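Asker: Model the structure of this input:
(4 chains)
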Protein chains: 2
Amino acid sequence: MTKVRPGENPAERPRAAVMEDVAELAGVSAMTVSRVLNAPEKVRPETRARVLAAVRELDYRPNSAARVLVTGRSGVLGVVCFDTTLYGPASTLFGIEQAARDSDYLVSIASLPALNRRWITRGIDRLRSQSVDGVIVVAPHESAAEGLRNLPPGLPVVDVGGGSDLPVPVAAVDQSAGAARATRHLLSLGHRTVWHLSGPPNWIDANGRVAGWRSALEAEGREVPEPLVGDWTAHSGYEIGKRLAREPDVTAIFVANDHMAMGVLRALREAGRRVPEDVSVVGFDDVPEAAYFWPPLTTVRQNFGEVGRQAFQLLLDRIAGAEGEARRMVEPELVVRESTGVSP
Amino acid sequence: MTKVRPGENPAERPRAAVMEDVAELAGVSAMTVSRVLNAPEKVRPETRARVLAAVRELDYRPNSAARVLVTGRSGVLGVVCFDTTLYGPASTLFGIEQAARDSDYLVSIASLPALNRRWITRGIDRLRSQSVDGVIVVAPHESAAEGLRNLPPGLPVVDVGGGSDLPVPVAAVDQSAGAARATRHLLSLGHRTVWHLSGPPNWIDANGRVAGWRSALEAEGREVPEPLVGDWTAHSGYEIGKRLAREPDVTAIFVANDHMAMGVLRALREAGRRVPEDVSVVGFDDVPEAAYFWPPLTTVRQNFGEVGRQAFQLLLDRIAGAEGEARRMVEPELVVRESTGVSP
DNA sequence: AGGGTCGCTGTTATCGCAAACACTCAGGAA
DNA sequence: TTCCTGAGTGTTTGCGATAACAGCGACCCT
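Answerer: You can find the predicted model right below:
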């Protein structure tokens, strides 16, 4: 006998099946259906088979809202991010999503209209209101730190790319090591020193690359020129590149990302300075196109996918109750192409 | 009097406040609290003020799972997508997310390990199991169509970039128009005909660009060369570009995206063919770096953000009960830079 | 005075599921 | 036999919110 619920017209499209419907069809109680789905070993195989057959026949799907209500777990994790059209954040997000998919988690995203403490807090709140099990913050900016200082208690949070003084676990590429590697590569080619075109102020990655570059120069006792500051865009690379091109001293430039490096390459060429004969250029990121720049760009590859996976793993640990701080550093890799050569 | 729930130790961190707690503090019933939050005009201003004060004092946040359970609405929409590291999909996703944020929707994403019917269906199922209010599919591939043929009834679905024969509303850039515009631009510069390096087979955008290119050539009675097929990467553009560079006939190339165009530019240069003096090149997308290619790339700009917004709007309409098909076409724009010039 | 209507608030039932506990029955130990 | 044990299943309850309806003054109308 099929109950017709009050207000339900049997002629209309039938409601989606619920656990009780499955139970009835299989001749068991709803609880047994629940067990088949959540702890199959506790149900006798024959019963289990009957239930599963009923599940298939009715195309039953558990209602996650009901399950969340009673268990407190949603199987959804949140990602707070800034601009997902930038190569780095987009790749990280992709890595997180893939790792999450493999563990049957779903990812909700909250993008921010601006990078500051208030918006980050709002983003986390927005996600929390949807009962996410945890949050990964991809906002590689100093202001993220403030936003992570007082988090709602009980919400697992992991940061990507953040500094070392954060009160939450962090997964990141070792920016400083990558920058140092790039700088040493240039020095090893005989350049007296290396100029730097950095990312915008207060971006963690930008700071890390400046630090690595500076320490590599200082370690060798080289002069440390004042870094120039861009905004990650090819446009800014071009504008600042024009200035650098006018300085005959400048024979080696470490640029904080590939897109800016592209602008620099163009500015140098327009100024008649050959790369790498007159000036060597190194980028950062290794975007897929970097090998097709003119000339092909020597750069530092970041494995964003791996960072995403590590961040997800840290979050899982946290959700499972792990305490304390944790850092997962991913090592970047120098990729030497044709934009670097011996000092003229 | 504050009830201590069974199993609760008053010394521990207190549970998050629920509606009943707010009601008690404000001296009203839970129902009144609910009304203050969902239909404030139905509550006397003084009462409302007391309730809101209690909400703030307890930092009360509604439990969305409970609300979903009873209303059937989650305030979450799902996006099914393939590779969010590609510029187009990433930008579209970003547009959707921004539009959603402005309307207090949250976005969950389900990325696909491969583009085919089965995975698309799975992605939609994964989202559906989280009670999303609707789904936007960003999978510009023929196989998406099959995946959209038999959808679960009752789930609003909108497609981005799909063909005209889909059973769901579609928001898209008019690829064909953009390609035709690019082709006509080249013809107007005096080129006898225009070669085409297309995207991979069965990608909707790739097909649309081929169609637009072909029709523009045919409209002027020009010879239509066999299109060459790439895979969107700069690498493939370079490899195929080397072949094109060997053909002296080739004076104008319409490339299906900017990254491949970058590879083509490099191949031409290496072969000693000057751009635009010997060969003109047009791309598609207008990635932010296109203006800094060497030479700066003439290309067709797609407003992905707008597409995302339109798709979101279509989905809102659908959720609100709108029926029937609908298409929102966004017009692309030709951006002329220095990679195109008069026929040699 | 009697009886609406209206504005505001409270009571009860319900959404779909799982935790906790209760029950049944077979098989083995005492 | 009697009791115990434990595997397998059922019953009850409650998660936190909203829908539907009921109650109750105040006010107006006739």
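
Asker: how far away is residue A:127 from chain B?
Answerer: 7 Å (CB to the nearest CB, to the nearest Å). C-betas here are computed from N, CA, C, even on glycine.

Asker: should've said residue A:109
Answerer: Between residue A:109 and chain B the computed distance is 6 Å (CB to the nearest CB).

Asker: Checking that residue next. Helix, strand or coil?
Answerer: Counting by DSSP: H, G, I helix; E, B strand; the rest coil, the backbone at residue A:109 sits in strand.

Asker: Setting aside sequence neighbours, what's the nearest residue to it?
Answerer: residue A:79 (4.9 Å; CB to CB, 6 or more residues apart in numbering or on different chains).

Asker: quick check, the one you found in a strand?
Answerer: Yes: under three-state DSSP, residue A:79 falls within a strand.

Asker: doesn't residue A:93 make contact with it?
Answerer: Yes: assessed by CB atoms under 8 Å, residue A:79 is found in contact with residue A:93 at 6.1 Å.

Asker: Show me which of the two is the more surrounded one.
Answerer: Neighbours per residue, other CB atoms under 10 Å in any protein chain shown: of residue A:79 and residue A:93, the larger number sits with residue A:79, 30 against 27.

Asker: List the residues that contact the more buried one.
Answerer: Residue A:79 is in contact with A:93, A:96, A:107-110, A:135-138, counting by CB atoms under 8 Å, 6 or more residues apart in numbering or on different chains.

Asker: swap in residue A:315?
Answerer: A:77, A:134-136, A:156, A:158, A:169.

Asker: mind redoing it with 7 Å?
Answerer: With contacts defined as CB atoms under 7 Å, 6 or more residues apart in numbering or on different chains, the neighbours of residue A:315 are A:77, A:134, A:136, A:156, A:158.

Asker: what residue lies at the spatial centre of chain A?
Answerer: residue A:92 (2.8 Å; CA atoms, centre = their mean).

Asker: which SSE is that one in?
Answerer: helix A:87-102 (DSSP states H and E).

Asker: Which neighbouring elements make contact with that helix?
Answerer: Contacts defined by 3 or more CB pairs under 7 Å, 6 or more residues apart in numbering or on different chains; DSSP states H and E place helix A:87-102 against strand A:76-81, strand A:106-111, strand A:134-138, helix A:304-319, strand B:106-111.

Asker: Tell me, how many residues neighbour whichever residue of the stretch 151-300 of chain A sits closest to DNA strand C?
Answerer: Here the stretch 151-300 of chain A gets closest to DNA strand C at one residue, residue A:154, 18.3 Å apart by CB to the nearest atom of the strand. Counted with other CB under 10 Å, residues neighbouring residue A:154 total 9.

Asker: With the one 4 residues further on instead?
Answerer: Residues contacting residue A:158 under the criterion other CB under 10 Å number 31.

Asker: same question for the one helix or strand it maps to, mean pLDDT?
Answerer: Using DSSP H and E, residue A:158 sits in strand A:157-160. Strand A:157-160 shows a mean pLDDT of 95.

Asker: what's the offset of that strand from the middle of its chain?
Answerer: 10 Å (CA atoms, centre = their mean, to the nearest Å).

Asker: Would you mind listing the outside residues contacting whichever helix or strand comes after that strand?
Answerer: Downstream of strand A:157-160, the first helix or strand assigned by DSSP H and E is strand A:170-173. Identification of contacts with strand A:170-173 by CB under 7 Å, 6+ apart yields A:158-162, A:302, A:307, A:310-311, A:314, A:327-330, A:332.

Asker: Stretch A:291-305 too?
Answerer: A:88, A:91-92, A:94-95, A:173, A:178, A:181-182, A:258, A:261-262, A:265, A:275-276, A:281-286, A:290, A:330, A:332-340, B:234, B:238, B:262-263, B:266, B:269, B:294.

Asker: Filter the residues you listed down to the ones in strands?
Answerer: Those of these mapping onto strands are A:173, A:281-282, A:330, A:333-335, per DSSP state E.

Asker: of the residues you listed, closest to residue A:29?
Answerer: residue A:330 (49.9 Å; CB to CB).

Asker: in the sheet, who's paired with that closest one?
Answerer: Counting by DSSP bridges, residue A:330 is bridged to residue A:173.

Asker: Throw together a PyMOL command that grabs the buried residues out of the contacts of residue A:315.
Answerer: Those of these that count as buried under 16 or more other CB atoms under 10 Å in any protein chain shown are selected in PyMOL with:
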select buried, chain A and resi 77+134+136+156+158
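
Asker: Which ones, among the contacts of residue A:315, also lie beside DNA strand C?
Answerer: Applying CB under 7 Å from any atom of the strand to the contacts of residue A:315, one finds that nothing falls near DNA strand C.

Asker: Adding distance to residue B:27, write the contacts of residue A:315 out as JSON lines.
Answerer: Shown next, in JSON lines, are these (distance: CB to CB, whole Å):
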{"residue": "A:77", "distance to residue B:27": "38"}
{"residue": "A:134", "distance to residue B:27": "36"}
{"residue": "A:136", "distance to residue B:27": "41"}
{"residue": "A:156", "distance to residue B:27": "36"}
{"residue": "A:158", "distance to residue B:27": "41"}
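
Asker: Of the ones in strands among the contacts of stretch A:291-305, which qualify as buried by neighbour count?
Answerer: The buried subset of the ones in strands among the contacts of stretch A:291-305 - by 16+ other CB under 10 Å - is A:173, A:281-282, A:330, A:334-335.
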